[in-house]
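Visitor: coords below, sequence missing:
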């Protein structure tokens with residue numbers, strides 16, 4: 001399932017989609033007082049690893065992916081704390097995890113087909129236009145997913161899915177993870193694939209997708225996607241990316257959130 005999801009996210013990423021306006025239902029942000037957190041789906045593509053790579057390196061990459069999942073959960077909880085929203089982790093069986101994975105895959109592939117316009121940056125930007133609103137408004141949450149959310153005594157559930165392109169640590173992982181991305185001289189396609197002319201630093205890309213399920217209305221209450229040329233293993237930049245998805249929904253007014261965003265965007 002993860003491999004299928006990876007392939008679909010890779011295709012979506014190559015389209016260089018970056019949504020700046022969220023899709024929201026009639027549910028107002030302030031109406032959400034409590035929410036369940038679905039375990040994040042974090043897919044990392046290490047573009048410098050070959051299929052039959054050294055087992056020791058493969059073990060390290062698996063550990064990095066596990067650590068990323070833990071950190072994504074922590075960032076999500078920090079964000080909800082800033083927004084003053086009560087939250088708890090959904091308790092899921094292995095089968096329920098697979099059900100949610102399939103549902104999220106459906107959403108990602110659906111939103112990848114939305115109409116796009118060319119932004120001034122040269123990258124594609126999803127327009128929050130009438131045609132796309134129809135797509136969003138007609139997405140129905142499956143009964144299986146609704147049962148999972150309701151079983152956990154929640155009306156709302158939050159899911160974060162990310163696809164990142166990075167490289168394995170080269171000797172000094174601590175130094176590497178603290179680096180910010182240098183200036184990039186390449187096209188969006190080159191940034192996504194790791195090829196092109198790079199200044200000071202190798203290319204990294206991270207795309208995040210955020211979904212809020214509404215079990216009562218049987219639909220999505222919120223969706224937003226952002227893609228940035230940042231290292232998916234950089235905690236500061238990925239936290240900024242996640243926060244910015246909710247900047248005009250939950251936390252745009254919060255002093256601590258704005259402080260974080262201003263500092264990390266310098």
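Guide: Received, thanks. A quick note: this is a predicted structure, and the numbers were derived from the prediction, not measured.

Visitor: could you list the low-pLDDT ranges of the stretch 101-250 of the chain?
Guide: Scanning the stretch 101-250 of the chain for pLDDT under 70 picks out the ranges 112-129, 169-203.

Visitor: the stretch 1-150 of the chain: strands as residue ranges?
Guide: Assigned strands in the stretch 1-150 of the chain, in chain order: 23-24, 34-37, 41-46, 86-89, 116-118, 124-126 (criterion: DSSP state E, counting those that start in this stretch).

Visitor: how much space between residue 157 and residue 209?
Guide: The gap separating residue 157 from residue 209 is 14 Å, by Cβ to Cβ, to the nearest Å. For every residue, glycine as well, the C-beta is placed using N, CA and C.

Visitor: now the strands of the stretch 1-150 of the chain in a markdown table, with mean neighbour count and distance to residue 246?
Guide: Compiled in a markdown table, those are given as follows (neighbours: other Cβ atoms under 10 Å; distance: least, Cβ to Cβ, whole Å):
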| stretch | mean neighbour count | distance to residue 246 |
| --- | --- | --- |
| strand 23-24 | 20 | 11 |
| strand 34-37 | 20 | 12 |
| strand 41-46 | 21 | 18 |
| strand 86-89 | 14 | 13 |
| strand 116-118 | 12 | 23 |
| strand 124-126 | 19 | 17 |
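
Visitor: now render the ones you listed as a markdown table, adding distance to residue 101.
Guide: Output for the strands of the stretch 1-150 of the chain, formatted as a markdown table (distance: least, Cβ to Cβ, whole Å):
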| stretch | distance to residue 101 |
| --- | --- |
| strand 23-24 | 21 |
| strand 34-37 | 16 |
| strand 41-46 | 7 |
| strand 86-89 | 17 |
| strand 116-118 | 26 |
| strand 124-126 | 23 |
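
Visitor: which one of these lies nearest to residue 240?
Guide: Between residue 240 and the strands of the stretch 1-150 of the chain, the tightest spacing by Cβ to Cβ is seen for strand 41-46, at 16.6 Å.

Visitor: can you list the strands that the closest one pairs with?
Guide: Strand pairing for strand 41-46, determined by DSSP bridges: strand 156-166 (parallel).

Visitor: before we move on, the earlier item: of the strands of the stretch 1-150 of the chain, which is nearest residue 102?
Guide: strand 41-46 (11.3 Å).
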